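*Asks:* Show me the folded form of this:
(2 chains)
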Amino acid sequence: MPLRVYNTMSGEKEVFKPIEEGKVGMYACGPTVYDVCHIGHARATTVFDVIVRYLRYSGFDVTYVRNITDIDDKIIKKANEEKVLWSEIAERFTKEFWEDMSALGNLPPSIEPKATEYIPNMHKLIQTLIDKGFAYAIEGDVYFAVRKFASYGRLSKRNMDELISGSRVEVDERKKDPLDFALWKSSKPGEPWWDSPWGKGRPGWHIECSAMTMKNLGQTFDIHGGGKDLIFPHHENEIAQSEAATGKTFARYWLHNGFVTINHEKMAKSLGNFFTIKEVLKVYHPEVLRFFLLTTHYRNPIDYSDAALNDAKTGITKFYSTFKRVDEASSELNSATRNPQSEFEREAFENFKGLSGKIEEAMDDDFNTALAIGYLFDALKTVNRLCDDGCYFTMSYGRGVVAEIGKNILGLFTATPEGFFGTEAAKAALEISEDEIKRMIDERAEAKRSKEFKRADDIRGSLLKKGIILEDGPKGTTWKVKG
RNA sequence: GGCGGCGUAGCCAAGUGGUAAGGCAGAGGUCUGCAAAACCUCUAUUCAUCGGUUCAAAUCCGAUCGCCGCCUCCA
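*Replies:* From the prediction side, this is the model:
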């Protein structure tokens, strides 16, 4: 089955066919680095990370470009507030962004251009637009004349007259038309500036993306992504200025992720209802957040709450618990027979072999990670049952298949069970030594043997108070740190 | 006001023409001295409401109600 993606431009799922067979040029709008990132940023980058992973898994050679907007009004404002250079703000929050991305397990893009590195490219593009009559300069500012671009509004499905009547924008008197947007802004005193044919100034917001995509991916490229809130005006403007300049289609597939909401309202700085990635990662393992983000289809809104995160934690913990369980049975594995012992085991083996195909089917349908994770849960249950039945070889095979798929396509299960459960760190934080725990387990076993169950339960209770959970199994008692 | 989208079990969430995945929570069971974990079974005659098209609709069409987003910076 071919890969189908929902294209905002057509409003439909379309079969994905890249310009050049086997190759994909993809651009996703990155952050404006003026503050730390919140969960909304985490979703956007994680969604496109998974899309890139899946495209690569499917055999495409993907050039993934994600920009950093390192000059902007908000960066300047923040710099003024802190009385530091704008570049210091940009550098600080670029680093913060990289830290967050790395923690979340998002792969770095192939190319990560910064707006300020593309000033000459922007100048060239703006000049072309002026030459072609799509842009005009007034007192050091350059504006794009939206009315000159006939198909304006195609992506966001609105027409120019409606935009004006519904506009809440203060009309800038220097613009010829209220819809026109700035390509180049003259600098006010004290603001950072670059020389340009129109005087000292800095780039408008939209032009950087056009300059960076053209340089790195060509005038026409395959996929352009971003949050739904960028459809208008940002992406609409990118299309207008790019296609006006080149006369060619800009991006062929437009992919947009839905919002993270809180109480069903958009998470946003301006509403003050946001959680930063770093805040969340203080409480939850990064893969809990990643798992949470991927259990809903990327175009739908996803509501953030403690309950939802705890559900996600329970979910991914099930996977790691099973992995741990399988890994600990490795001694039995050595003596295990490779031959299926039952009809169930034979079926399980076949299901594991077919699992990647089912996951691919789900992912081919507009990257349905929610469905894919559902299949992984099915497989997980089978692994546990094989474990119960002592079918070590097939169980181990299933564990491998589940972990591999999760890792390669979803970027999950990249930790070891020990690492995920934070066992080492948690052990270090305990107020009781491992030897002492072992001694108490032995003592309890002795109590159990002599049927002194009250004493046995007391020992288990006192360990629980210290954060140790005991679990009796057929091979004796194991312990773990309470999570 | 214009445009776009959503409404599926107690909660979360797939499914967009062929008779409701999965997870959490809950109930019962297996195992256990008891727990825990794991497994098994059960939990929506029904997909906001009302009409229509069709042999067949959660899925398509129309209307109504409710919610959200964009139209200003925003992932």
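*Asks:* what's the first-to-last distance across stretch A:209-227?
*Replies:* With C-alpha to C-alpha, to the nearest Å as the measure, stretch A:209-227 spans 14 Å from end to end.
*Asks:* Could you list the buried residues of that stretch?
*Replies:* For stretch A:209-227, a neighbour-count test (16 or more other C-beta atoms under 10 Å) marks A:209-214, A:216-217, A:220-227 as buried. (C-beta placed from N, C-alpha, C; glycine too.)
*Asks:* among the residues you listed, which are in helices?
*Replies:* Judged by DSSP state H, helices contain the following of these: A:209-214, A:216-217.
*Asks:* could you pull out the helices for the stretch 301-450 of chain A?
*Replies:* Per DSSP state H, counting those that start in this stretch, the stretch 301-450 of chain A carries helices over the ranges A:306-328, A:330-334, A:343-364, A:369-389, A:392-405, A:417-420, A:423-429, A:434-449.
*Asks:* The helix or strand just after the last one vs RNA strand B: in contact?
*Replies:* Meaning helix A:434-449. Where DSSP states H and E defines the elements, the next helix or strand beyond helix A:434-449 is helix A:453-465. Yes: counting by C-beta under 7 Å from any atom of the strand, RNA strand B is contacted by helix A:453-465 at A:453, A:456-457, A:460.
*Asks:* mind putting the helices of the stretch 301-450 of chain A in TSV, distance to RNA strand B included?
*Replies:* Shown next, in TSV, are these (distance: least, C-beta to the nearest atom of the strand, whole Å):
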stretch	distance to RNA strand B
helix A:306-328	4
helix A:330-334	15
helix A:343-364	7
helix A:369-389	3
helix A:392-405	10
helix A:417-420	13
helix A:423-429	16
helix A:434-449	5
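*Asks:* Tell me which of those sits most buried.
*Replies:* Comparing the helices of the stretch 301-450 of chain A by mean neighbour count (mean count of other C-beta atoms under 10 Å), helix A:392-405 comes out on top with a mean of 22.
*Asks:* before we move on, back to that, which of the buried residues of stretch A:209-227 sits closest to RNA strand B?
*Replies:* Within the buried residues of stretch A:209-227, proximity to RNA strand B (C-beta to the nearest atom of the strand) peaks at A:G227, which comes in at 1.7 Å.
*Asks:* now the closest one, nearest residue through space, not along the chain?
*Replies:* Counting by C-beta to C-beta, 6 or more residues apart in numbering, A:G227 lies nearest to A:A44, which is 5.1 Å off, once chain neighbours are set aside.
*Asks:* sorry, back to before: which one of the helices of the stretch 301-450 of chain A has the poorest average confidence?
*Replies:* Lowest mean pLDDT of the helices of the stretch 301-450 of chain A: helix A:330-334, a mean of 68.
*Asks:* Distance of the nearest residue to A:C391 once chain neighbours are set aside relative to A:G133?
*Replies:* Once flanking residues are discounted, A:C391 sits nearest to A:E345: 4.8 Å by C-beta to C-beta, 6+ apart. A:E345 is 72 Å from A:G133, where distance means C-beta to C-beta, to the nearest Å.
*Asks:* now do A:T249
*Replies:* In this view, A:T249 and A:G133 are 20 Å apart by C-beta to C-beta.
*Asks:* And A:V33, by the same measure?
*Replies:* Separation of A:V33 from A:G133 (C-beta to C-beta) stands at 35 Å.
*Asks:* Check A:E471 too.
*Replies:* Distance, A:E471 to A:G133, using C-beta to C-beta: 75 Å.
*Asks:* just A:K451 next, same as before
*Replies:* Taking C-beta to C-beta as the measure, A:K451 falls 95 Å from A:G133.
*Asks:* Let me know the helix or strand that A:V24 is in.
*Replies:* strand A:23-28.
*Asks:* Just the buried positions in that strand, please.
*Replies:* If you call a residue buried by 16+ other C-beta under 10 Å, then strand A:23-28 has these buried ones: A:24-28.
*Asks:* Those also near RNA strand B: which ones?
*Replies:* Of the residues in those, proximity to RNA strand B by C-beta under 7 Å from any atom of the strand holds for none.
*Asks:* contacting residues for the nearest residue to A:S321 once chain neighbours are set aside?
*Replies:* Leaving out its chain neighbours, the residue that sits closest to A:S321 by C-beta to C-beta, 6+ apart is A:P417, at 7.6 Å. By C-beta atoms under 8 Å, 6 or more residues apart in numbering, the residues touching A:P417 are A:320-321, A:323-324, A:327, A:423.
*Asks:* just for the stretch 101-250 of chain A, where's the confidence low?
*Replies:* Applying pLDDT under 70 to the stretch 101-250 of chain A picks out residues A:165-173.
*Asks:* what does the stretch 151-300 of chain A have sitting close to RNA strand B?
*Replies:* Close to RNA strand B, as judged by C-beta under 7 Å from any atom of the strand, the stretch 151-300 of chain A has residues A:156-158, A:162-163, A:165-169, A:205, A:226-234, A:257-261, A:264-270, A:295-297, A:300.
*Asks:* buried subset of these?
*Replies:* Neighbour counting with 16+ other C-beta under 10 Å marks A:156, A:163, A:205, A:226-227, A:230-231, A:233-234, A:257-261, A:266-268, A:295-297 as buried within these.
*Asks:* taking those residues one by one, which sit in helices?
*Replies:* With helices defined by DSSP H, the entries of those inside them are A:L163.
*Asks:* List the ones among the buried ones among the residues of the stretch 151-300 of chain A next to RNA strand B that fall in strands.
*Replies:* Among these, the members falling in strands (DSSP state E) are A:226-227, A:257, A:260-261, A:266.
*Asks:* hmm, which two among these are most spread apart?
*Replies:* Greatest spacing in those, by C-beta to C-beta: A:G226 and A:T261 (17.6 Å).
*Asks:* Near RNA strand B, which residues of the stretch 1-150 of chain A? Just list them.
*Replies:* Along the stretch 1-150 of chain A, the residues adjacent to RNA strand B under the rule C-beta under 7 Å from any atom of the strand are A:11, A:29, A:31-32, A:40-41, A:43-44, A:74.
*Asks:* May I see the ChimeraX selection of the buried members of those?
*Replies:* Of those, the buried ones go into a single ChimeraX selection, burial set by 16+ other C-beta under 10 Å:
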select /A:29,31,32,40,41,43,44
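*Asks:* Just give me the least confident of the residues of the stretch 1-150 of chain A next to RNA strand B.
*Replies:* Among those, A:G11 has the lowest pLDDT, at 89.
*Asks:* Pull the contacting residues for that one.
*Replies:* By C-beta under 8 Å, 6+ apart, the residues touching A:G11 are A:K157.
*Asks:* ok, it to A:E96 distance?
*Replies:* Noted for A:G11: a distance of 36 Å to A:E96, by C-beta to C-beta.
*Asks:* what would the residues of helix A:453-465 next to RNA strand B look like in a markdown table with pLDDT, neighbour count and distance to A:L371?
*Replies:* Formatted as a markdown table, the residues of helix A:453-465 next to RNA strand B follow (pLDDT from 0 to 100; neighbours: other C-beta atoms under 10 Å; distance: C-beta to C-beta, whole Å):
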| residue | pLDDT | neighbour count | distance to A:L371 |
| --- | --- | --- | --- |
| A:F453 | 91 | 11 | 47 |
| A:A456 | 92 | 20 | 45 |
| A:D457 | 92 | 13 | 44 |
| A:R460 | 93 | 20 | 41 |
